[in-house]
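Asks: With the sequence up front, the predicted model follows.
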Amino acid sequence: MKKLMTGNEAVAQGAYEAGISYASAYPGTPSTEILENIALFKDNIISEWAPNEKVALETAIGASIAGARSLCAMKMVGVNVAADPLFTYAYMGVNGALILISADDPGMASSQNEQDNRHYAKFAKIAMLEPSDSQECKDMIKSAVEISEKYDTTVLFRMTQRVCHSKSLVQLGEKVEAPIKDYAKNNAKFDAMPVYSRALRYKLEDRLKKLEEFSNETDLNFIEWNNSKIGIVTSGVSYQYAKEVFSNKASYLKLGFTYPLPMKKIKDFASKVDTLYVIEELEPYIEEQLKANGINCIGKEKIPNIGELNTDIVAKSLLEIEKELIETAEEKVVNRPPTLCAGCPHRGFFYELGKFKNVMVAGDIGCYGLGGSEPLKAKDTCICMGGSVGTAHGVQKVFDKFGKEMRTVATMGDSTFFHTGINGLIGTLYNGGKVITCILDNRTTGMTGHQENPGTGFTLEGEVSADIDIETVVRALGCKNVRTINPHRLEEVREALQWALSLEEPSVIITRYPCVLKKYSDADKEEFGVLKDKYFVKKDLCIGCKICIKTGCPAIRFNNIEKKSFIMESQCVGCSVCSQVCPKDAIVRR
Amino acid sequence: MSSIKSVLLVGVGGQGTILASNVLSKGLVEAGYDVKMSEVHGMAQRGGSVTTQIRFGEKVYSPIIGRGEADILVSFELMEALRLIEFLKPGGKVIVNNQQIPSAPILAGRVDYPEGILEELQLKADTKAIDAVGIAKELGNEKAMNIVLFGALSKVLELDNIDWEDVIRNTVKEKFIDLNINAYRAGRNI
């Protein structure tokens, strides 16, 4: 029987079946579950969380050089971080296969931009595959491995959020045996000295020619012929939308191998149809190459290049079908943005930080980004993973030089610190900055669903590992002003921030408390105990000042009729933050 | 394409839409349907609006439901039903849990939880409101409200070839089987 799997699960199954021996990643939606599922095959595959995407790719490259079939997974912005090794290994080819999975996020469901990473294949001059459902995710990992080793190229395996996270039926297959290839020292191939790279540069172009021939021949790029009125060139999940909208009223050239494009096959297909549509999500990646080759087609002039596509958008753009819809009653619907959970250790910190005036807060990527939302509003900027300190440092330097009296605070998480946050901190320490760097250490990688990281004491495969102590690292970098505090104790938070603001030097505040959703390790239980007591509002003491509401805790509500707060005890986890802010001591332990 | 059915489950992060959709998709796969399902991961799971989309039939292409395409909308929270009503096919059915979960702007006291939502829903579509939390509480655990709603959904789906009780038995943890079977029956018999 077939199994219902997400694309990410299917990729893991494909990795197992294709004889992948090494896999690495840094977690990031929508790619995270790929490595989590590969880790289930730990008898066959070494799988690791890397501290960031650049290291993830470098280690996968090392495994490929060593002769293992290797894979590396990341969200699309992670490829920006990993771009440096990517572009040079592209010159070298491979020993064991190397697959780089880029999981793009059209629509920005959980990302800061919606870059179309198909451009990376063309930019780095490497082969690219694009699956359109879970079966293809599994099968194409096998194809990717074969292509990588046969054509001596890194393969970009480009997925999108919908392909990663939608489930469809998958027929499982057998594992192929793939012994590790021999390693032999080969400077001309794996040593990027200019003298060698100049020679490799020519090989790269030769390889692309061979790959284009392959692209024209492979069944990964197939035609479904129905009629000659409408022809559709499409790839990835857009194929599914096209099929559903046009059914058998059009012919399809479905592209699974999308760099280099099968230009001969496309020209031939185009010549046989009256109208040619290119249906692709995000940028006109295919369309532009068609037009550069003199092929007439209709694409982004009708289909939006912003956001995720669906059948509705495709039908409306190309067939001008306006569906009858039930109208929403917008005035009756209040928006529902994501919020910090009840008992989140970030709440107390942001509540206190938000009270300081004349402070500019540079945020980072992770749950603590929600510290910028109502009612906490303690954030000014967020650029990229690990970017908070660098941004804050630049702001502070300009403010100081040009006479603006304002201090900067950078906030990041533990995993973010190890990712690239540490580099920003080194920058401000080295350059005589005075950023107040706050590392919100919740003992896990929170937003992506609780992955281990270099500070948690465990590896992806569940082995006990070195847990790298952030305070020790920060002191070793030369920061003299360091405090580790409990973010649930508001007075401690307040004092630490006041202390840091009083210094004309850089400082680091580490808030150390586990994520409320984390499954506590034994070490966590020993260090932090377990919160058990629930809190409630003594009605007679509550004056309805709503200060507790300003913590933004989803367990506290305000009864507009009684003019009093109350706590949903089923949601309360007992962090006591609301009790600490209440001016009348009306919130007490049950 | 009319042979494809689309079910949209909506709610608030943490409400347990996933278990209900797992039971549904498992039963559909076992009955031999082609099934596609889409879920929300990442940031929206932190108390935001979440959707699970399930499509089934002989051959399903799109894993997501466009506006005006859902045959059935099951909402685990009252206001969420109205937020997503645009995705319901005109003439489609709504099953709504009458639970109200205030969102951040409401908690902050800036706006009140809107009134008259159920009436609005009933004007727009064939709507069945269920006190799933109350029913589940009576059965001993309010968390089983997701299976109460599933029970109601299973009745509307009219797939009598599927033994849903059997599917539930094979999906939930052993100690919760009785609770969930009772929840399913209660939902189905409303």
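Replies: Ah, there it is.
Asks: List the contacts of the lowest-mean-pLDDT helix or strand in chain B.
Replies: When each helix and strand of chain B is scored by mean pLDDT, DSSP states H and E, helix B:104-107 comes last, with a mean of 86. Contacts to helix B:104-107, defined as Cβ atoms under 8 Å, 6 or more residues apart in numbering or on different chains, come from residues A:334-337, A:339, A:373-375, A:549, A:552-554, A:556-558, B:47, B:111-113. The C-beta positions use only the backbone N, C-alpha and C, and glycine is treated the same way.
Asks: Can I have the buried ones of those as a PyMOL selection?
Replies: Buried residues within the contacts of helix B:104-107, by 16 or more other Cβ atoms under 10 Å in any protein chain shown, are selected in PyMOL with:
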select buried, (chain A and resi 334+336+337+339+373+375+549+552+553+554+556+557+558) or (chain B and resi 47+113)
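Asks: Can you list which of the contacts of helix B:104-107 are found in strands?
Replies: Cross-referencing these against strands under DSSP state E gives A:556, A:557, A:558.
Asks: From those residues, pick out the ones that also neighbour chain B.
Replies: A:556, A:557, A:558 (Cβ under 8 Å from any Cβ of the partner chain).
Asks: Tell me the one of those residues nearest chain B?
Replies: Relative to chain B, the closest of these is residue A:558; by Cβ to the nearest Cβ it sits at 5.0 Å.
Asks: For that closest one, give the beta-bridge partners.
Replies: residue A:565 (DSSP bridges).
Asks: Now do the contacts for it.
Replies: Taking Cβ under 8 Å, 6+ apart as the test, what residue A:558 contacts is A:544, A:546, A:549, A:564, A:565, A:566, B:107, B:109.
Asks: Next, find the distance separating the residue of chain B positioned farthest from its centre from residue B:83.
Replies: Distance to the chain centre peaks in chain B at residue B:110, reaching 28.9 Å (criterion: Cα atoms, centre = their mean). Distance, residue B:110 to residue B:83, using Cβ to Cβ, to the nearest Å: 18 Å.
Asks: hang on, residue B:147 packs against residue B:184?
Replies: Yes: Residue B:147 lies in contact with residue B:184 (Cβ atoms under 8 Å); the separation is 5.2 Å.
Asks: So which of these two has more stuff around it?
Replies: More crowded of residue B:147 and residue B:184, by other Cβ atoms under 10 Å in any protein chain shown: residue B:147, with 31 against 23.
Asks: Now the more buried one. Nearest residue, chain neighbours left out?
Replies: residue B:183 (4.0 Å; Cβ to Cβ, 6 or more residues apart in numbering or on different chains).
Asks: Tell me both backbone torsions, phi and psi, for that neighbour.
Replies: The phi/psi pair for residue B:183 (degrees, to the nearest 10) reads phi -60, psi -40.
Asks: quick one: pLDDT of it?
Replies: With respect to pLDDT, residue B:183 has a value of 97.
Asks: try residue B:1
Replies: On pLDDT, residue B:1 comes in at 41.
Asks: what does the one 4 residues further on give?
Replies: The confidence metric pLDDT takes the value 97 at residue B:5.
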